[in-house]
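S.K.: sequence unknown, structure follows:
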């Protein structure tokens, strides 16, 4: 399989394809990774995050959206996960109070609305942008650091 051009777009046909993409990414996660999930409301960011967490849990566990709590932690997973939803974040300065830096050192971090994190978002984060909704979404995947190498055999299509 040849590597897709980086960053690369892929079409996701239905929620099952979003879940398949998330499960594939979950297989590459390690402590210290930060994944930013961008897109409009309803684009599939929370669906993606839930699928990553459930894949790592190896079962369908309850994964509440952190829309109001701003962060949910899953310390018993391998790797541990911190799931941030920054939609209601007052300012990027508030991330310190939420333990963002500590989470990025001890967990893999999923961040919905990463653009609200400002300079706190690491340059080597994997960024997945989801556009559209319903049965046809477009995911554009790109990132810094080791992501391009680690995802070198990443599929360019998902069922």
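M.R.: Looks like it arrived, so ask away. What you are looking at is a predicted structure, and each value in this text was computed from that prediction instead of being measured. Numbers count the residues shown, from 1 in each chain.
S.K.: ok, and the closest non-adjacent residue to residue 125?
M.R.: Spatial nearest neighbour of residue 125, chain neighbours left out: residue 34 (4.2 Å); criterion: C-beta to C-beta, 6 or more residues apart in numbering. For every residue, glycine as well, the C-beta is placed using N, CA and C.
S.K.: separation between that neighbour and residue 138?
M.R.: 22 Å (C-beta to C-beta, to the nearest Å).
S.K.: likewise residue 74?
M.R.: Distance of residue 74 to residue 138, computed by C-beta to C-beta: 28 Å.
S.K.: who has more neighbours, those two?
M.R.: Taking neighbours as other C-beta atoms under 10 Å, residue 74 and residue 138 compare with residue 74 leading, 19 against 14.
S.K.: give me the pLDDT for residue 42.
M.R.: Confidence at residue 42, expressed as pLDDT, is 86.
S.K.: surely it touches residue 133?
M.R.: Yes. Here residue 42 reaches residue 133: they are 5.2 Å apart, a contact under C-beta atoms under 8 Å.
S.K.: list residues touching both of these two?
M.R.: Shared contacts of residue 42 and residue 133 (C-beta atoms under 8 Å, 6 or more residues apart in numbering): none.
S.K.: do a quick rundown of the strands in this structure.
M.R.: Counting by DSSP state E, one finds strands in the chain at the ranges 8-12, 34-38, 71-74, 81-85, 108-112, 126-133, 136-143.
S.K.: could these be laid out in a markdown table, adding mean pLDDT and distance to residue 20?
M.R.: Shown next, in a markdown table, are the strands of the chain (pLDDT from 0 to 100; distance: least, C-beta to C-beta, whole Å):
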| stretch | mean pLDDT | distance to residue 20 |
| --- | --- | --- |
| strand 8-12 | 79 | 8 |
| strand 34-38 | 96 | 16 |
| strand 71-74 | 95 | 21 |
| strand 81-85 | 96 | 19 |
| strand 108-112 | 97 | 17 |
| strand 126-133 | 88 | 13 |
| strand 136-143 | 85 | 11 |
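S.K.: just put those strands in a markdown table and tack on distance to residue 151.
M.R.: Compiled in a markdown table, these are given as follows (distance: least, C-beta to C-beta, whole Å):
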| stretch | distance to residue 151 |
| --- | --- |
| strand 8-12 | 9 |
| strand 34-38 | 12 |
| strand 71-74 | 23 |
| strand 81-85 | 19 |
| strand 108-112 | 15 |
| strand 126-133 | 8 |
| strand 136-143 | 7 |
